[in-house]
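Asker: sequence and predicted structure, then a few things I'm wondering about:
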Amino acid sequence: MFDWRALQKHKIISICYFSAIAIAFVLSLSHNNNVEASTDAKDYLSPLIDIAEPVPSSLTTDFETQEAPDNIKAMFELMDNMINYQSARKEITIQRGDTLISSLTRLGIAKDEANQIYHSVKSDFSPSSLKAGQKIELFVSVDTQKNNQIIGVNLLTIKLDASRRVRVVRRDGEFETFTEEDELIEVDNAISGTFNGAVSVSMRNAGVSQAAVVGFTNLFNDPINFSRDIHKGDKFTIVYKSLVNKNHELVKTGKIIYAELKLRNQTISLYRFEDGKSGAEYYQPNGQALKRALDRKPLAFKAARISSPFGRRLHPILKKHIIHWGVDYAAPKGTQIYAGGDGVVQVAKYNGGYGNYIKIRHNAEYSTAYGHMSGFAKGIRAGVRVTQGQLIGYVGSTGRSTGPHLHYEVIQNGKRVNPLTIKASAGENLSGAALARFKQNVASIDKQYADVITKQPAKTKLARK
Ligand SMILES: [Zn+2]
């Protein structure tokens with residue numbers, strides 16, 4: 001890293017000035033050759049701020065390898081010019097419609113130089129990806145005798161994100177571009193706090209990152225309604241990973257390991273667990289997923305696999321690409337189908353391609369639909385109230401279907417959505433070997449973060465809508 005600000009430019013310029021006079025004097029005594037002195041002051045300026053090459057010695061070397069200037073007066077003129085040059089920090093904020101070149105020339109940088117910078121920077125960064133509001137930091141040489149007119153750019157920095165930046169530096173009169181990347185450190189954040197007003201404000205004040213606040217509230221949605229169920233004095237705990245740079249500035253919020261809500265009459269703890277199949281899920285200490293408004297797989301046969309996912313697919317009978325508006329679960333004929341959530345049966349009848357079809361309205365936002373059933377459960381008809389997990393019918397292959405399966409749809413605000421990804425849908429509980437591994441995981445998290453985790457009784461009762 002360059003520490004440009006630490007440089008005492010005046011001092012260095014003075015040192016150069018006097019050592020150059022001394023060298024010129026010595027050379028003038030020993031040589032008498034006729035050689036032009038460089039009049040391009042920029043070539044002398046750039047090493048002035050280049051820490052990698054200590055200035056006085058490199059300048060001395062330059063002069064020793066050059067032939068002595070015949071005209072000592074020209075030499076002094078050049079030095080006089082140099083002493084008027086100072087390094088200055090500038091900042092450009094990219095405006096809408098700006099290009100890199102237009103923003104540089106607006107600052108007062110010569111078109112030629114702006115072009116050189118543009119061509120150099122392209123090796124590491126696409127100048128067209130600059131966005132309005134983005135900032136570019138520059139260290140330039142200015143002429144103090146000419147109203148601080150910019151003589152040239154010495155260093156230009158474009159910040160890519162909290163840990164990466166592109167640098168363009170002048171070296172030997174040419175621009176060189178490179179990308180700097182901070183080494184990131186993974187840190188644990190274990191934070192407890194009390195809700196006192198708005199949920200996100202309370203958590204942010206306790207030091208939880210914005211992304212972690214969003215992740216935390218999503219984990220408890222929707223059995224917990226954060227605007228209705230949280231009261232002043234309720235408590236939260238969150239353990240999550242994050243990546244910070246060496247100045248301990250947050251670069252990225254990582255995964256949430258543990259989330260706890262301590263409400264007036266219940267405590268809910270959720271532990272992260274990766275079972276290798278469906279990525280990470282969160283479970284209560286007993287391996288149960290949070291009970292949610294809607295079930296993802298409302299079937300008695302929990303091993304049922306998805307035979308056709310939600311979305312675009314080649315229809316097996318119609319032989320053309322159409323959007324599949326539900327999830328198909330392959331299951332033996334006669335498998336019990338449950339109500340995906342509490343609600344009222346709106347439709348229970350034969351319905352064209354759907355075959356035997358049931359639609360349940362859960363609330364103002366959500367309905368679910370079930371197709372291809374072999375038959376309805378006793379008492380299920382339009383107008384009947386059902387509860388989540390109640391038997392409503394049996395898997396079949398009625399309507400447009402190639403084999404026994406449940407076609408399951410979730411309708412949100414009148415639009416069919418993916419039953420697996422909506423926040424209201426619940427994951428499955430853990431069992432068997434996965435449950436055993438999960439419990440080991442819980443024990444190690446409990447141990448590691450013992451000072452923030454609330455050990456709670458085995459039984460937890462969750463709020464239901
Ligand atoms: Zn289907």
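Answerer: Structure received.

Asker: the ion contacts on the stretch 301-450 of the chain?
Answerer: Proximity of the stretch 301-450 of the chain to the ion, by CB under 5 Å from the ion, involves residues Gly326, Asp328, His407. Just so you know, the C-beta spots here come from the backbone N, C-alpha and C atoms, and that holds for glycine as well.

Asker: just among these, which is most surrounded?
Answerer: When neighbours are taken as other CB atoms under 10 Å, the top entry among these is His407 (25 neighbours).

Asker: what's the helix or strand for that residue?
Answerer: strand 405-412 (DSSP states H and E).

Asker: and that strand, what's buried?
Answerer: His405, Leu406, His407, Tyr408, Glu409, Val410, Ile411 (16 or more other CB atoms under 10 Å).

Asker: please apply the same query to stretch 415-422.
Answerer: Across stretch 415-422, burial judged by 16+ other CB under 10 Å covers Arg416, Val417, Asn418, Pro419, Leu420, Ile422.

Asker: please name the nearest non-neighbouring residue to the residue of the stretch 351-465 of the chain found nearest the ion.
Answerer: Minimum separation of the stretch 351-465 of the chain from the ion (CB to the ion) falls at His407, amounting to 3.4 Å. Leaving out its chain neighbours, the residue that sits closest to His407 by CB to CB, 6 or more residues apart in numbering is Gly371, at 3.6 Å.

Asker: how about Gln288?
Answerer: Gln288 sits nearest to Asn429 (CB to CB, 6+ apart), 4.7 Å away.

Asker: and that neighbour, what does it touch?
Answerer: Tyr283, Gly287, Gln288, Ala289 (CB atoms under 8 Å, 6 or more residues apart in numbering).

Asker: if any of the residues you listed are buried, give me the PyMOL selection for them.
Answerer: Burial among the contacts of Asn429 is assessed by 16+ other CB under 10 Å; the matching PyMOL selection reads:
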select buried, resi 283+287+288+289
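
Asker: farthest-separated two in the contacts of Asn429?
Answerer: The most widely separated members of the contacts of Asn429 are Gly287 and Ala289, with 8.4 Å between them, by CB to CB.

Asker: now the residue nearest to Gln288: which helix or strand?
Answerer: Asn429 belongs to no helix or strand, assigned by DSSP H and E.

Asker: try Arg381
Answerer: Using DSSP H and E, no helix or strand contains Arg381.

Asker: burial check on it, number of neighbours?
Answerer: When counting by other CB under 10 Å, one arrives at 11 neighbours for Arg381.

Asker: which residue would you name as the spatial centre of the protein?
Answerer: Taking CA atoms, centre = their mean, the centroid of the chain lies closest to Lys252, which sits 6.1 Å from it.

Asker: after the helix or strand bottoming out on mean pLDDT in the chain, which helix or strand is next?
Answerer: Taking mean pLDDT, DSSP states H and E as the measure, helix 55-65 is the helix or strand of the chain with the lowest mean score, a mean of 39. Sequence-wise, the next helix or strand downstream of helix 55-65 (DSSP H and E) is helix 72-83.

Asker: buried residues, that following helix. List them.
Answerer: Neighbour-count burial for helix 72-83 [16+ other CB under 10 Å]: Met75, Leu78, Met79, Met82.

Asker: one more: stretch 171-181?
Answerer: Phe175, Thr177.

Asker: now do it: distance to the chain's middle.
Answerer: With CA atoms, centre = their mean, to the nearest Å as the basis, stretch 171-181 stands 28 Å off its chain's centre.

Asker: cool, and stretch 151-163?
Answerer: For stretch 151-163, the distance to the chain centre is 23 Å (CA atoms, centre = their mean).

Asker: check stretch 77-90 too.
Answerer: That offset, for stretch 77-90, works out to 43 Å (CA atoms, centre = their mean).

Asker: ends of it, what's the gap?
Answerer: 28 Å (CA to CA, to the nearest Å).

Asker: and what of stretch 178-187?
Answerer: Distance between the two ends of stretch 178-187: 28 Å, counting by CA to CA.

Asker: could you do stretch 400-410 as well?
Answerer: Start-to-end, stretch 400-410 (CA to CA) is 19 Å.

Asker: pLDDT averaged over it - what is it?
Answerer: Taken as a whole, stretch 400-410 carries a mean pLDDT of 95.

Asker: and if you look at stretch 155-166?
Answerer: For stretch 155-166, the mean confidence score works out to 90.

Asker: how about the helices in the stretch 351-465 of the chain?
Answerer: Along the stretch 351-465 of the chain, counting by DSSP state H, counting those that start in this stretch, helices occupy 432-448.

Asker: in it, which spans are strands?
Answerer: Secondary structure of the stretch 351-465 of the chain, counting by DSSP state E, counting those that start in this stretch: strands at 356-361, 366-373, 375-376, 385-386, 391-394, 405-412, 415-417, 425-426.

Asker: swap in the stretch 1-150 of the chain?
Answerer: Under the criterion DSSP E, counting those that start in this stretch, strands of the stretch 1-150 of the chain are mapped to 85-93, 135-143, 149-161.

Asker: in CSV: the ones you listed, plus mean neighbour count.
Answerer: Output for the strands of the stretch 1-150 of the chain, formatted as CSV (neighbours: other CB atoms under 10 Å):
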stretch, mean neighbour count
strand 85-93, 16
strand 135-143, 19
strand 149-161, 19
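
Asker: out of those strands, nearest to the ion?
Answerer: Short answer: strand 149-161, nearest of these by CB to the ion, at 42.5 Å.

Asker: and that closest one, C-alpha only, in PDB?
Answerer: Taking C-alpha atoms only, strand 149-161 is exported to PDB below (Å, rounded to 0.1, in the frame of the first residue of the first chain):
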ATOM      1  CA  GLN A 149      -3.500  24.200 -13.000                       C
ATOM      2  CA  ILE A 150      -3.100  20.400 -13.200                       C
ATOM      3  CA  ILE A 151       0.200  19.400 -14.700                       C
ATOM      4  CA  GLY A 152      -0.300  15.700 -14.600                       C
ATOM      5  CA  VAL A 153      -1.800  12.700 -12.800                       C
ATOM      6  CA  ASN A 154       0.400  10.700 -10.500                       C
ATOM      7  CA  LEU A 155      -2.100   8.300  -9.000                       C
ATOM      8  CA  LEU A 156      -5.700   7.500  -9.700                       C
ATOM      9  CA  THR A 157      -7.800   5.100  -7.600                       C
ATOM     10  CA  ILE A 158     -11.200   3.600  -8.500                       C
ATOM     11  CA  LYS A 159     -12.800   1.800  -5.600                       C
ATOM     12  CA  LEU A 160     -14.500  -1.400  -6.700                       C
ATOM     13  CA  ASP A 161     -15.900  -2.400  -3.300                       C
END
